[in-house]
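1. When you get a sec, could you give me coordinates for this:
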Amino acid sequence: MAGSAPPELTAAFDRWLAVQREAVELVQKADHPGTPEDWAEGFRWVTRIASLALDYVVEKGDPLKPVLFHAQDEYRKLLVDNPDVSYWFAVLDPKETYRLTGTRGEAPYLGFTIGTNVFKPSQGGRTGTLGQSYIDQFEVDENGDFEIILSAKRHEGNWIELPEGTQHLAVRETFHDKQKQKHSTMKLERVGGAIVRPLAPAELAQQLDDAGVYLMFVVRTGILMWAGAGQRRNQLTGASGARHVKAQDDQIRSHSDTDMVYMGTRFELAEGEALVIDVAPPPYPFVYWGLVVVNPWMESYDYRHLSVNTNDRQAKKNADGSWTLVLSPEDPSKPNWLDTAGRREGFLLLRWVLAGDAPPTPKCTLVPIASLRG
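-> Okay, the predicted model is just below:
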């Protein structure tokens, strides 16, 4: 007879179930437009983040047998995902040395972010992004092959420092056309080989608790992001002066890619209304901008079937080199339409990559949809 399950396991599993119920309760209390779609997506969001938490923490969270895995996709999205990005993630230990090998694809940007513990974000001390680099800062051979060592101590050749407090590597591969451009291939390994240990009840119990902490962190953060954006409507926030400095500080605390500048707003459209967004290029070279439409749970709309995002290469340009985008719940018969699928409230996020500290602030104008069809 197997006997009774270890009590630490049953207790941890009960806590894991309870934290999912708590997350759903937060969704029920959250401020959001209250459409049937918003309610359904909110409950589904909890199931998706719970699934992500188990993947990040229980399945792939051991730094002694590291794995660089695809962290988001069309079905599991995390805190304003970008449909143009392929997201990778790996858990690290700064006491270890790792080797990242791969072949660069055709994406214009492949960024490496070193960050603190996302599973226990309330531990105190410095949190967020500890280091940022991108592939063009390293030696890559004529075939696109590269090898980068990640360690606390300096290493000859391509090297990424793992400062004290490092817990993970996040990789963002940003495309102009994710379907047509060749993707990178990458592999992460511990120098000296993986250390494989049998799974112990106490270890799994701790992983379930950590997954619960991560689930609640993401849910609370998403709800707060939506609520905080309510102070500005239909105007993408500029990125200059003290406001920009504070915004970048917030991004560092929230584990963002510091090669990027972010501009966001909630949109609120009246019946028959559209938001026209005029984007001007910076007066200097840049790598990418991309705009995405997001629901109150900070998930991109269903980009598999709707036109909910665009970027500097996909959007049709004006004669002067600028871009005019139209956000509306119905087809405005204009180029660069961002489809809200009938909704009149949501969130927009514009990302600039390697575009300096203060790229131009877009001009946003509410207009009748009928006026665009004239």
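2. Output the below-cut-off pLDDT ranges for this protein.
-> For the chain, applying pLDDT under 70 flags the ranges 1, 121-126, 238-255, 374.
3. Can you give the domain ranges for it?
-> Domains of the chain are assigned by automatic domain parsing as 7-190, 236-372.
4. What distance separates the opening and closing residues of the first one?
-> What it means is domain 7-190. In terms of C-alpha to C-alpha, to the nearest Å, the two terminal residues of domain 7-190 are separated by 34 Å.
5. now swap in the shortest one and tell me
-> Taking C-alpha to C-alpha, the first and last residues of domain 236-372 lie 21 Å apart.
6. How about stretch 83-103?
-> Terminal residues of stretch 83-103 lie 22 Å apart, using C-alpha to C-alpha.
7. returning to that earlier point: out of the domains of the chain, the one nearest Thr221 is which?
-> Thr221 lies closest to domain 7-190 among the domains of the chain, at 6.3 Å (C-beta to C-beta). For every residue, glycine as well, the C-beta is placed using N, CA and C.
8. returning to that earlier point: among the domains of the chain, which is nearest Ala227?
-> Minimum separation from Ala227 across these (C-beta to C-beta) falls at domain 7-190, 5.7 Å.
9. Helices of this protein, start to end?
-> 7-29, 36-53, 201-229, 241-253, 369-372 (DSSP state H).
10. Show me what the shortest one is in contact with.
-> When you say that, I think you mean helix 369-372. Gly272, Glu273, Ala274, Val276, Val326, Ser328, Glu330, Pro332, Ser333, Lys334 (C-beta atoms under 8 Å, 6 or more residues apart in numbering).
11. With stretch 25-41 instead?
-> Contacts for stretch 25-41 (C-beta under 8 Å, 6+ apart): 42-43, 45-46, 219-220, 223, 226-227, 230, 295-297, 299, 341, 343-346.
12. One more pass at 10 Å, please.
-> Contact partners of stretch 25-41, identified using C-beta atoms under 10 Å, 6 or more residues apart in numbering, comprise 42-46, 48, 216, 219-220, 222-224, 226-227, 230, 266, 268, 295-297, 299, 301-302, 341-346.
13. Now do the end-to-end distance for that stretch.
-> OK, stretch 25-41 end separation, C-alpha to C-alpha: 14 Å.
14. Can you give me the buried ones in that stretch?
-> Across stretch 25-41, burial judged by 16 or more other C-beta atoms under 10 Å covers Val27, Ala30, His32, Pro33, Asp38, Glu41.
15. again, but for stretch 74-86
-> Using 16+ other C-beta under 10 Å as the test for burial, stretch 74-86 gives Arg76, Lys77, Leu78, Leu79, Val80, Asp81, Asn82, Pro83, Asp84, Val85, Ser86.
16. One more: stretch 37-56?
-> Residues of stretch 37-56 classed as buried: 38, 41-42, 45-46, 48-50, 52-56 (neighbour count, 16+ other C-beta under 10 Å).
17. quick one: which of the buried residues of stretch 74-86 is nearest Gly131?
-> For those, the closest approach to Gly131 (C-beta to C-beta) belongs to Val85, at 19.1 Å.
18. I figured the closest one was touching Thr174, is that so?
-> Yes: Val85 is within contact range of Thr174, at 5.2 Å (criterion: C-beta atoms under 10 Å).
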